[in-house]
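Chemist: I'll drop the sequence and a predicted model, then ask my questions.
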Amino acid sequence: MRQRNLIAFLLASAVTATSCATIMDGESQTVTFNSNPNEVEIFLDGKKLGVTPLTVKIKREQNKMFVAKKEGYDEQQMVMSTRLNSWFWGNFITGGVLGSTTDYASGAAYEYSPNNYYVTLTPQKASESLRNQLEREMWARNFILGSYWHLADDIARSRGEYLSSLYAILGIETSQQEEARRNLSDLLSKSHNIPVFAESVVDQYFVQ
């Protein structure tokens with residue numbers, strides 16, 4: 001009798017654990033889009049999500065790409081990077097293959113990382129130098145948005161591949177890197193969220 005009750009308990013636990021990521025985080029995720037200029041139209045799977053600045057819930061799926069459009073500007077496409085949701089691993093351990101398979105099917109096994117995107121559209125009549133500058137600004141913003149926590153750790157340690165990559169994007173010479181690190185650390189301490197830090201860095205290191 002006790003053995004039968006134990007089996008029933010274990011089965012109930014497995015069912016409860018099944019789709020842990022789905023239950024905890026849901027099949028959708030809140031994603032924010034900002035842009036330069038403002039009022040850029042954001043499309044996903046051919047459907048208009050809205051205009052920037054925009055915060056919207058999007059179903060979690062791999063290999064998604066959004067399109068940004070505004071009259072008078074070049075169209076921009078950007079891949080939405082994903083990683084395995086941390087809840088998926090807990091589900092795999094407690095719920096086993098059944099639970100993890102359910103999460104894969106629903107898309108909840110993945111999460112968009114980053115969940116903030118910044119699009120810089122280039123005017124169709126822009127000069128080559130302006131195009132290059134806007135492209136570098138966009139690289140810098142999205143690199144910071146996508147690797148903020150690694151970058152913050154590197155800044156605190158004064159070294160690391162993420163910090164070195166940011167130096168390269170910003171065009172900072174070796175002799176200037178320690179001064180730049182101190183400046184980045186100061187900007188980091190004054191920024192109340194990740195997008196603000198990204199914008200502060202761009203404002204500091206790119207001529208407007």
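Modeler: Arrived safely. Numbers count the residues shown, from 1 in each chain.

Chemist: Please count neighbours and contacts with C-alpha atoms only from this point.
Modeler: Will do.

Chemist: got the CA positions of stretch 70-78 in PDB?
Modeler: Taking Å, rounded to 0.1, in the frame of the first residue of the first chain, the C-alpha atoms of stretch 70-78 are listed here in PDB:
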ATOM      1  CA  LYS A  70      10.400  54.000 -42.100                       C
ATOM      2  CA  GLU A  71       9.800  56.000 -45.200                       C
ATOM      3  CA  GLY A  72      12.900  57.700 -46.400                       C
ATOM      4  CA  TYR A  73      15.300  55.300 -44.700                       C
ATOM      5  CA  ASP A  74      16.900  52.000 -45.600                       C
ATOM      6  CA  GLU A  75      15.100  48.900 -44.300                       C
ATOM      7  CA  GLN A  76      16.800  47.100 -41.500                       C
ATOM      8  CA  GLN A  77      16.600  43.400 -40.600                       C
ATOM      9  CA  MET A  78      17.900  41.900 -37.300                       C
END
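
Chemist: For the residue nearest the centre of the chain, give its distance to residue 174.
Modeler: The C-alpha lying nearest the average C-alpha coordinate of the chain belongs to residue 114 (Cα atoms, centre = their mean; 0.8 Å). Residue 114 sits 29 Å away from residue 174 when distances are taken as Cα to Cα, to the nearest Å.

Chemist: quick one, strands of the protein?
Modeler: Counting by DSSP state E, the chain has strands at residues 28-36, 41-44, 47-51, 54-59, 64-69, 76-80, 82-84, 110-112, 116-120.

Chemist: and the longest helix along the chain, which residues are buried?
Modeler: Using DSSP state H, we find that the single longest helix of the chain is helix 128-157. Residues 131, 134, 136-146, 148, 151-152, 154-155 are the ones in helix 128-157 that count as buried (16 or more other Cα atoms under 10 Å).

Chemist: for stretch 72-81, same thing?
Modeler: Buried residues in stretch 72-81, defined by neighbour count with 16+ other Cα under 10 Å: 73-75, 80-81.

Chemist: could you redo those residues as CSV and give each row distance to residue 165 and pLDDT?
Modeler: Shown next, in CSV, are those (distance: Cα to Cα, whole Å; pLDDT from 0 to 100):
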residue, distance to residue 165, pLDDT
73, 29, 94
74, 27, 92
75, 27, 92
80, 20, 77
81, 18, 73
